[in-house]
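Q: What follows is a protein structure lacking sequence information:
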Ligand SMILES: Cc1cc2nc3c(=O)[nH]c(=O)nc-3n(C[C@H](O)[C@H](O)[C@H](O)COP(=O)(O)OP(=O)(O)OC[C@H]3O[C@@H](n4cnc5c(N)ncnc54)[C@H](O)[C@@H]3O)c2cc1C
């Protein structure tokens, strides 16, 4: 049954899109092309009042709700079969306060929106490495990025949130106002309401940074991983890096500098070390020198680039194709390296295995007290299967789970998994990730603020008493 536009009230300024409307297929799609949900309606909100109207409509019509920021979560949380999608996309306003060193961003702003505005002032937020990912979804669930060794996870940098609760009430959430919720929402954020805006800290970044890729043939994978393990334990917090097993050539839209890839690497499985160093040029060069020998990279594509370009360059590297992601936290022992190397080389299509360390401010709490819980981990190993042919769905998903399964079978994993980056996250793994005490505290807060579990299209904490 079609919903009348009037059902959203006279003040509604957004857009209501339903089955049969011209824009319906675009409006229901999320980044993971494998997710094929048909919502009853998509409400594209122009502001907080529209969010309140959409939630009221969902209550009246008894529609389940999905809240969409950038629509990037691989599990497809940003859409829902038969329910109401509250799409915050148009709420992407970004206001930098250079004197305070903070930014206020709309709940639907992308990382690139914030990076671009902050760059005007020589500042940057802690956010992910790809520009088109939703800043809100990333920050409320954790957020790992280039500045993390220095400034922690993105959620550690949240100062204040404007939250529309399940009952439509608007809450100002900060360390001083609703401190319990402030704790909960820096990690388990999507569980407690629609965040119409966030205020987060910004940090100075140099005009240019040493960045780019060192590409090794995958035969040297284990040696490179062992070297990175040592480097992560000793390097300065100005340096951050992640490493990917990938078939470089089959990944579309790679940054222009990869044009310099030598012919012998084309079509081969490679290990790409992507890095960024915030320090002075000479210091940065000295700190990464160790990665240039024994083994030497087959292609050295490091250079100086603006901090902003570093993110924008990545935008086309991750296409909107079919996806299934799995991950584990590990100590990068020789056993774990062997296990990862054996499966990660078995790559098809545009898939990658991405491996990154938790260093410095990421592993210490440094006064931050959010519910985000990856603090005791050493390394994250994420297998990101990406393909186009629906006939490959089962095989590619199975591959993505294979590293995880092997590591678990051999007892090589640490507890928990980063909920922002996995396709399947059962209740058991979520409890394991938060730990019993924190999960219990979150479940109590959930009972208080969202007893009907309206906000359940997420890494969901079940309200206490409803398990
Ligand atoms: C190409 C790519 C690169 C990535 N790189 C990184 C990276 O470098 N570092 C990293 O940490 N993660 C990274 N991620 C993972 C990313 O953190 C998650 O996908 C995140 O959930 C994206 O948020 P979104 O708003 O785009 O997604 P959505 O699917 O829209 O939202 C994700 C969840 O957050 C909720 N949500 C979103 N916005 C709001 C809001 N304003 N209020 C309340 N709830 C909200 C949604 O309901 C949903 O449950 C990457 C993902 C992709 C696809």
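A: Great, that's in hand. Since this is a predicted model, take the numbers as computed values, not measurements.

Q: and stretch 139-159, what's its mean pLDDT?
A: What stretch 139-159 shows for mean pLDDT is 97.

Q: And for stretch 347-356?
A: Across stretch 347-356, the per-residue pLDDT values average to 91.

Q: Count the neighbours of the residue nearest to residue 39 when sequence neighbours are not counted for me.
A: Excluding the flanking residues, the one nearest residue 39 by CB to CB, 6 or more residues apart in numbering is residue 85, at 4.7 Å. No exception for glycine: its C-beta is placed from N, CA and C like everyone else's. Using other CB atoms under 10 Å, residue 85 has 27 other residues around it.

Q: On the three-state scheme, residue 85 is what?
A: Under DSSP: H, G, I helix; E, B strand; the rest coil, residue 85 falls in the strand class.

Q: Could you do the one 5 residues further on as well?
A: Remark: residue 90 carries the secondary structure label coil [criterion: three-state DSSP].

Q: That one and the ligand: what is the separation?
A: 12 Å (CB to the nearest ligand atom, to the nearest Å).

Q: For that residue, give me the pLDDT.
A: If you check residue 90, the pLDDT there is 98.

Q: Could you check how many residues crowd around it?
A: What residue 90 shows, counting by other CB under 10 Å, is a neighbour count of 16.

Q: Now do the contacts for it.
A: The contact partners of residue 90, taken as CB atoms under 8 Å, 6 or more residues apart in numbering, are 14, 15, 44, 45, 46, 108.

Q: try 10 Å
A: Listed by CB atoms under 10 Å, 6 or more residues apart in numbering, the contact partners of residue 90 are 13, 14, 15, 44, 45, 46, 47, 50, 106, 108.

Q: Okay, and residue 337 sits in which element?
A: If you go by DSSP states H and E, residue 337 is part of helix 334-344.

Q: counting contacts, what elements does that helix pack onto?
A: With contacts taken as 3 or more CB pairs under 10 Å, 6 or more residues apart in numbering; DSSP states H and E, helix 334-344 sits against helix 221-234, strand 239-247, strand 269-277, strand 322-330, strand 352-357, strand 379-387, helix 393-409.

Q: between the ones you listed, which gets nearest to residue 121?
A: strand 269-277 (19.5 Å; CB to CB).

Q: Do any residues in the closest one lie close to the ligand?
A: No: under the criterion of CB under 6 Å from any ligand atom, strand 269-277 makes no contact with the ligand; the nearest approach is 10.8 Å.

Q: Tell me what angle that strand forms with strand 352-357.
A: 40 degrees (axes from the mean of the first three to the mean of the last three CA atoms, to 10 degrees).

Q: hang on, the earlier thing: what angle separates the helix holding residue 337 from strand 352-357?
A: Put simply, helix 334-344 runs at 160 degrees to strand 352-357, going by the same axes, to 10 degrees.

Q: Rounded mean pLDDT for helix 334-344, please.
A: On average, the pLDDT along helix 334-344 is 93.

Q: related to what we said a few turns ago, surely the residue nearest to residue 39 is in contact with residue 44?
A: Yes: using CB atoms under 10 Å, residue 85 is in contact with residue 44, at 8.7 Å.

Q: what residues are shared contacts of those two?
A: By CB under 10 Å, 6+ apart, residue 85 and residue 44 have these common neighbours: 17, 27, 54, 68.

Q: among the residues you listed, who's most crowded?
A: When neighbours are taken as other CB under 10 Å, the top entry among the shared contacts of residue 85 and residue 44 is residue 54 (31 neighbours).

Q: ok, so what distance separates it from residue 88?
A: From residue 54 over to residue 88 the distance is 10 Å, taken as CB to CB, to the nearest Å.

Q: Show me whatever sits in contact with both of these two.
A: Both residue 54 and residue 88 are in contact with 14, 43, 44, 45, 67, 194, where contact means CB under 10 Å, 6+ apart.

Q: can you redo the residues you listed as JSON lines with neighbour count and secondary structure?
A: Output for the shared contacts of residue 54 and residue 88, formatted as JSON lines (neighbours: other CB atoms under 10 Å; DSSP: H, G, I helix; E, B strand; the rest coil):
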{"residue": "14", "neighbour count": "23", "secondary structure": "coil"}
{"residue": "43", "neighbour count": "29", "secondary structure": "strand"}
{"residue": "44", "neighbour count": "22", "secondary structure": "strand"}
{"residue": "45", "neighbour count": "30", "secondary structure": "coil"}
{"residue": "67", "neighbour count": "29", "secondary structure": "strand"}
{"residue": "194", "neighbour count": "28", "secondary structure": "strand"}
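
Q: Compute the distance between residue 47 and residue 106, please.
A: Distance, residue 47 to residue 106, using CB to CB: 9 Å.

Q: So which of those two has more stuff around it?
A: Between residue 47 and residue 106, counting by other CB under 10 Å, residue 106 is the more crowded of the two (26 against 19).

Q: Tally up the residues packed near the closest residue to that one other than its chain neighbours, please.
A: Residue nearest to residue 106 in three dimensions, not counting chain neighbours: residue 91, with 3.7 Å by CB to CB, 6+ apart. Neighbourhood size, residue 91 [other CB under 10 Å]: 25.

Q: Isn't residue 91 up against residue 110?
A: No: Residue 91 is beyond contact range of residue 110, at 11.3 Å (criterion: CB under 10 Å).

Q: Off-centre distance for stretch 414-423?
A: Centroid separation for stretch 414-423 versus its chain: 11 Å, with CA atoms, centre = their mean, to the nearest Å.

Q: can you pull the buried residues of that stretch?
A: In terms of neighbour count (16 or more other CB atoms under 10 Å), stretch 414-423 has its buried residues at 414, 416, 417, 418, 419, 420, 421, 422, 423.

Q: Tell me the buried residues in the helix or strand containing residue 184?
A: Assigned by DSSP H and E, residue 184 falls within helix 179-188. Buried residues in helix 179-188, counted by 16+ other CB under 10 Å: 181, 182, 183, 184, 185, 186, 187, 188.

Q: What of stretch 120-140?
A: Residues 123-140 are the ones in stretch 120-140 that count as buried (16+ other CB under 10 Å).

Q: Is any residue of that stretch near the ligand?
A: Yes: applying CB under 6 Å from any ligand atom, one finds stretch 120-140 in contact with the ligand at 128, 129, 130, 133, 134, 136, 137, 138, 140.

Q: Would you mind listing the residues in contact with the fourth one?
A: For residue 133, the contacting residues are 31, 69-73, 110-112, 127, 143, 145, 311, 314-315, 318, 420, taking CB under 10 Å, 6+ apart as the criterion.
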